[in-house]
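*Asks:* I'll drop the sequence and a predicted model, then ask my questions.
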Amino acid sequence: MKRATNTRLLLLGLLLVFPAPAVAQSPVTFDQKADRLHISIDGKSFGTYVWVDHKISRPYFMHLRAPNGTQVTRTHPPGAGDATDHDTMHPGLWLAFGELAGSDFWRNQGTVAHVGFVEKPKATKDGGTFAVRNRYTANGKTLCEEVCRITISVRHAGYLIDWNLEFSGPEDFAFGDQEEMGLGVRVATPLTVKSGGQIINSDGARNEKQVWGKPADWCDYAGVIDGKEAGVALMPDPANFRRSWFHARDYGVLVANPFGRNAFTRGEKSKVTVKKGETFKLRFGVLVHSGKVDVGAAFAEWVGELPLVVVSKDKTGFVSEPGNKPFVPWGFNYDHDETGRLIEDYWEKEWDKIATDFAQMKQLGANVVRVHLQFGKFMTAADKPDEKALDQLAKLVKLAETNRIYLNLTGLGCYHKKDVPAWYDALTETQRWDAQAKFWEAVAGRCAKSKAIFCYDLMNEPVVAGAKRKDGDWLGGAFGGKHFVQFVTLDPKDRTRPEVAQQWIEHLVAAVHKVDKRHLVTVGLVDWSLPGKTLTSGFVPDKVTEKLDFLCVHIYPEAGKLDDAAKTLKGFAVGKPVVVEETFPLKCSGKELEAFIEKVGPDAAGWISFYWGAPPETLRKSKEIKDAILLDWLERFQKCAPRGK
């Protein structure tokens, strides 16, 4: 008993001498009232979240302040010296929809009622968080509910509001198409462009004339008040169902809007339907900042790295890691521009064009872009890669990372015969395979660290010759002036064609894995690779693909023969995901191809069509039939894109 007492006294003494470390105090504090929540950071007012206002029938933030104390949103109600327009629509920072289930919540013609806190305001180590449930009603009817989770944190660049939203309804409902849709902010009057401020987006466009109606990763509205720099940036999450356009006005309003396709581009009207039992998610970041701030860096920090794409455990598709979230490859072959030039022909002098094209493909719904790399542009000798070309490739990978787009890097192209080195065609089969292995070792080695790589496609449409070909005759016939088909041997000798194909695949996969073991490897096969056809490639799916992570097939359905195309696709199912890596209404109408995509459903784990550098707005001005066909298909393909891909 005495020993126990002494032990307790000793422990008490130690605690007095060495007190437990204090828990770090949160920088964010909350003061909840009956109709609003006051938020402070480091003891100073940051802003107020309001859910009851007799003139405004939806929740909002007002009087947001930057780290230097400057108020960045217009005073609400407008005060002396403030413009008074839209006072009940632009209260500060808000989420609203001009058309949701046929009702206008932007103009307060419906009610977004605060049901209650799902998660009460709580301080955290780095900030604070709370979650509310809001109910959307109009004409006495509940249309949907929204769970809104707000996280406020202190970052190096400023104060960050992370705004997560989940929508669900008792019945089906839909988001319509207006410019007044999404997350909006009305900046303080001295910050407006009219008062000397500036709007700038992630592409460098400035002010209303350049920014309005343009898609961007982020958009910042900033200026100077009383000699202090301050601003607010809206940052839509790249994982949202669609990239946001920005409704921007020099008088002070800025809105991130992923719904206004027709409102901004005059394209097909957008209608995003949420089925009963489904949950529709959106996420935005709001950076409230002062001083000189790199908004691009803050955006990159917020979204984090691209997740790595891997084959799902059931081997029917793909998932991103971490998180095990389903990933459906959906995008475009970027094989040449509208004039037929290959990317290496202009990626040094016309980089802005490539950057614009990538942004446009992202806007059209792409999460994967297939780039075709030419052997002759990357190898100066059989064992010597061109470092300058590899540097440009690294720049392209960086562009993909910035746009949150994955790359399908297809290599060993010899599309333009004039660009194929004479020494390359003179090599023996063994020497040629070794040179190809050096190509892939160099390319994969340069790209291995980037998670923006979806896959390495060893070659576009390789074929094993069925009989001996003449020396140097490695290319198939031209199509549109380009040699897309290439032979991997000129003489099979005593080997079967599948044996040659398998040996070639194993040789190149080993080269990739020598420097990069985490990214996927595939090969783009012609649809006539299946046995039993009059013409075959020798790449029989169930005999040659053991070392590949998944299969790619190029399918162009014929008019009236969708069932035949579907049967062909099923022939490539060998226990691994199958991606339709090339498709286009070449032999059928866009309507039929759209029906084919819907028809085969899960038989295809992803789809990649074509983009040749002409955006929809350019195609709409053309009077040529080919452009009308392309426009029709781009709009159909965009509409087919899976949500949440």
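*Replies:* All right, it came through fine. Numbering: from 1, shown residues only.
*Asks:* quick one: the strands in the stretch 151-300 of the chain?
*Replies:* Along the stretch 151-300 of the chain, the segments classed as strands by DSSP state E, counting those that start in this stretch run 158-168, 173-175, 181-186, 198-201, 214-215, 219-225, 228-236, 245-248, 253-257, 272-274, 280-290.
*Asks:* same list (these) but as JSON lines, adding mean neighbour count and mean pLDDT.
*Replies:* Every C-beta, even on glycine, is put in place using the N, C-alpha and C of the backbone. Rendered in JSON lines, the data for those read as follows (neighbours: other C-beta atoms under 10 Å; pLDDT from 0 to 100):
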{"stretch": "strand 158-168", "mean neighbour count": "21", "mean pLDDT": "97"}
{"stretch": "strand 173-175", "mean neighbour count": "22", "mean pLDDT": "97"}
{"stretch": "strand 181-186", "mean neighbour count": "28", "mean pLDDT": "98"}
{"stretch": "strand 198-201", "mean neighbour count": "22", "mean pLDDT": "97"}
{"stretch": "strand 214-215", "mean neighbour count": "20", "mean pLDDT": "92"}
{"stretch": "strand 219-225", "mean neighbour count": "23", "mean pLDDT": "97"}
{"stretch": "strand 228-236", "mean neighbour count": "25", "mean pLDDT": "97"}
{"stretch": "strand 245-248", "mean neighbour count": "27", "mean pLDDT": "97"}
{"stretch": "strand 253-257", "mean neighbour count": "26", "mean pLDDT": "98"}
{"stretch": "strand 272-274", "mean neighbour count": "17", "mean pLDDT": "92"}
{"stretch": "strand 280-290", "mean neighbour count": "22", "mean pLDDT": "96"}
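*Asks:* mind putting the ones you listed into a markdown table with distance to residue 355?
*Replies:* Shown next, in a markdown table, are the strands of the stretch 151-300 of the chain (distance: least, C-beta to C-beta, whole Å):
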| stretch | distance to residue 355 |
| --- | --- |
| strand 158-168 | 27 |
| strand 173-175 | 30 |
| strand 181-186 | 25 |
| strand 198-201 | 13 |
| strand 214-215 | 13 |
| strand 219-225 | 17 |
| strand 228-236 | 19 |
| strand 245-248 | 18 |
| strand 253-257 | 21 |
| strand 272-274 | 28 |
| strand 280-290 | 23 |
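*Asks:* need the helices for the stretch 301-450 of the chain, in chain order.
*Replies:* 351-363, 375-378, 387-403, 422-425, 429-447 (DSSP state H, counting those that start in this stretch).
*Asks:* so, low pLDDT: which residues of the stretch 251-400 of the chain?
*Replies:* Along the stretch 251-400 of the chain, segments meeting pLDDT under 70 are nowhere present.
*Asks:* got the domain ranges for this protein?
*Replies:* When the chain is parsed with automatic domain parsing, its domains come out as 28-303, 329-640.
*Asks:* now do the contacts for the residue nearest to the spatial centre of the chain.
*Replies:* When C-alpha atoms, centre = their mean is applied to the chain, the residue found nearest the centroid is residue 404 (4.3 Å). By C-beta atoms under 8 Å, 6 or more residues apart in numbering, the contact set of residue 404 is 217, 238, 239, 303, 306, 362, 367.
*Asks:* distance of it relative to residue 306?
*Replies:* 6 Å (C-beta to C-beta, to the nearest Å).
*Asks:* what about residue 512, which SS state?
*Replies:* helix (DSSP: H, G, I helix; E, B strand; the rest coil).
*Asks:* what is the burial count for the closest residue to it other than its chain neighbours?
*Replies:* Of all residues not flanking residue 512 in the chain, residue 444 sits nearest, at 4.6 Å (C-beta to C-beta, 6 or more residues apart in numbering). Using other C-beta atoms under 10 Å, residue 444 has 22 other residues around it.
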